[in-house]
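Visitor: I'd like to go over a predicted model; first the sequence, then the structure.
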Amino acid sequence: MTKVPTTRPTETDNFRISVTEAEQLIAKNLPAAPTATVSLAEANQHILREAISAERDQPPFHRATMDGIAIAASEAQTDETTRFSVAGIQAAGQAAATLPPDCCIEVMTGAVMPSGANTVIPIERIAVTNGIAEIEPGYAFKPGQFVHRRGSDHHQGDPLLSAGIRIGPPEMAVLAAAGKASVQVSVTPKVAVISTGDELVDVGLPISDSQIRSSNDRAIAAALQQAGANDVSRYSYKDDPEQLRNGLRQLLATNDILVLSGGVSMGKYDYLPQVLAELGIRVIFHKITQRPGLPMWFGMSTDNQPVFALPGNPVSALVCLTRYVLPAIQQSLQASSNSTHEQVALAQPLNFDAELSWFVPVTLGYAADGRTLATPRLTNTSGDFCALSGTVGFIELPRETNDFPAGYVARLFRW
Ligand code: AMP
Ligand code: MG
């Protein structure tokens, strides 16, 4: 097959931009994900899109926090009575009983305090014989003890959760306590992950000496799923403008986001920028002053769909995905941004002479003073992805600096 080489696009201002500029351009262009109402059972790990306030006071009644007896005690009383006749029992869920004078009522943890009672003596501190409960001699108790007072955590209508929070175990408990059977969440995007390259062969298929296994699509799909984008499908196209054009046109019709890898460098068969332009995808930038991942490309479709084209080298692809695409998806889901970035200190000095931001895969350890130390796992090339296994992610070293001493504090991005 004779292959027709690409025609180079003309360079504009958005060619070879900085990491920060790339991040900002993506943030500026990304549309907000729509919302949907889902049942509480389906809401786990989704981004909440409504504010939640308290259905009732918490606790909704004066709540006994120990199994024992409820009595009426007062601060003024000096010679406390220590013997009470047991007038009844109050189980959790029952309406409040009334405490008769000089009596006690047995209470269970979680029960409403009987009206007239204000103090719980734990079961371990009493002995009950013939309907008389006697407090252990010398046991000093405080009036009001072991009672969780109505509204002491929060009041009805108080704000409990803000929109933008990721629903995890504690948020589930809050939503249930607030009586929410269903909640508004961000709809996670449908993402198409597309490998491009004549040399790529999927697992399970025979492979020749000149071919390589396609691994980017697997790594990218795994990272997207881990980030909560569950609706991911994988595709593989040859370096063939016709096949790319037809395939991508179809994928644009059925997906919210496209994540491509390969075919965006300066090779003669790197057709993607040209094909994407033909499909009406507006290029926002091409190339970032970074290593690895310099050839990264980003554009928007006429229907406002983000298209990320990552360089094919597996380390570059995964670094670019983690540095740009995953945060972009979180932003689009309207996840409240975490302004405190995770930072770690370099375990050993590093030097980097190129005028580029440098992403260095690291493993983590801890210094004696409790600081988290990052040990670089230097990859052979940006194709040496097997060296990434066991690393937690990478640190970002700024392009303005060349020498990074041990102890240098850098931002960490986790895979
Ligand atoms: P490209 O960006 O297309 O020039 O590809 C750069 C390098 O990454 C080449 O060595 C490709 O074979 C390799 N590569 C591209 N796509 C993949 C993939 N899906 N899985 C593994 N390696 C890939
Ligand atoms: Mg290629």
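Guide: Here it is on my side, so go on. Ligands and ions are numbered 1, 2, ... in the order given.
Visitor: what element comes up after the helix or strand harbouring Ser233 heading to the C-terminus?
Guide: Ser233 is part of strand 232-237, with elements assigned from DSSP states H and E. Later in the chain than strand 232-237, the nearest helix or strand by DSSP H and E is helix 241-254.
Visitor: Can you name the residues in contact with that next one?
Guide: 4, 190, 192, 194, 196, 235, 237-238, 258, 263, 271-272, 274-276, 278-279, 301, 303, 305 (C-beta atoms under 8 Å, 6 or more residues apart in numbering). C-beta: built from backbone N, CA, C; applies to glycine.
Visitor: which of the residues you listed count as buried?
Guide: 192, 194, 196, 235, 237-238, 258, 263, 271-272, 274-276, 279, 301, 305 (16 or more other C-beta atoms under 10 Å).
Visitor: Listing partners with orientation, what would you give for the longest strand along the chain?
Guide: Within the chain, and with DSSP state E defining each element, the longest strand by residue count is strand 357-366. As defined by DSSP bridges, the strand partners of strand 357-366 come to strand 290-291 (parallel), strand 372-376 (antiparallel), strand 393-397 (antiparallel).
Visitor: rewinding a little: which two of the buried ones among the contacts of helix 241-254 lie the greatest distance from each other?
Guide: Lys238 and Gln305 (22.9 Å; C-beta to C-beta).
Visitor: buried sites along stretch 73-89?
Guide: Buried, per 16+ other C-beta under 10 Å, within stretch 73-89: Ala73, Thr82, Phe84, Val86, Ala87, Gly88.
Visitor: Show me which pair in those residues is furthest apart.
Guide: Thr82 and Gly88 (19.6 Å).
Visitor: Skip the chain neighbours and tell me the closest residue to Gly393.
Guide: Arg414 (3.9 Å; C-beta to C-beta, 6 or more residues apart in numbering).
Visitor: mind checking the SS state of Gly144?
Guide: coil (DSSP: H, G, I helix; E, B strand; the rest coil).
Visitor: For it, what are phi and psi?
Guide: Backbone torsions of Gly144, given as degrees, to the nearest 10, read phi 90, psi -10.
Visitor: got a list of what the nearest residue to Pro60 once chain neighbours are set aside touches?
Guide: Leaving aside its sequence neighbours, Pro60 sits nearest to Arg150 (C-beta to C-beta, 6+ apart; 6.7 Å). By C-beta under 8 Å, 6+ apart, Arg150 lies in contact with Asp57, Pro59, Pro60, Phe61, His62, Arg63.
Visitor: Repeat the analysis, applying 10 Å as the threshold.
Guide: Arg56, Asp57, Gln58, Pro59, Pro60, Phe61, His62, Arg63, Val112, Met113 (C-beta atoms under 10 Å, 6 or more residues apart in numbering).
Visitor: Now rank these by neighbours and give me the top one.
Guide: Within the contacts of Arg150, most neighbours by other C-beta atoms under 10 Å means Met113, with 25 neighbours.
Visitor: just checking, that one touches Ile69?
Guide: No. Assessed by C-beta atoms under 10 Å, Met113 is found out of contact with Ile69, at 11.3 Å.
Visitor: Need the overlap of contacts for these two.
Guide: Between them, Met113 and Ile69 share the contacting residues Gln90, Ile105, Val107, Thr119, Val120, judged by C-beta under 10 Å, 6+ apart.
Visitor: Scan these and report the most crowded one.
Guide: Val107 (32 neighbours).
Visitor: With adjacent residues omitted, what lies nearest to the residue of the stretch 251-400 of the chain found nearest ligand 2?
Guide: Nearest to ligand 2 in the stretch 251-400 of the chain, going by C-beta to the ion, is Gly262, at a distance of 4.2 Å. Once flanking residues are discounted, Gly262 sits nearest to Gly312: 3.2 Å by C-beta to C-beta, 6+ apart.
Visitor: Secondary structure class of that neighbour, three-state.
Guide: Per three-state DSSP, Gly312 ends up coil.
Visitor: Good, we can wrap up now.
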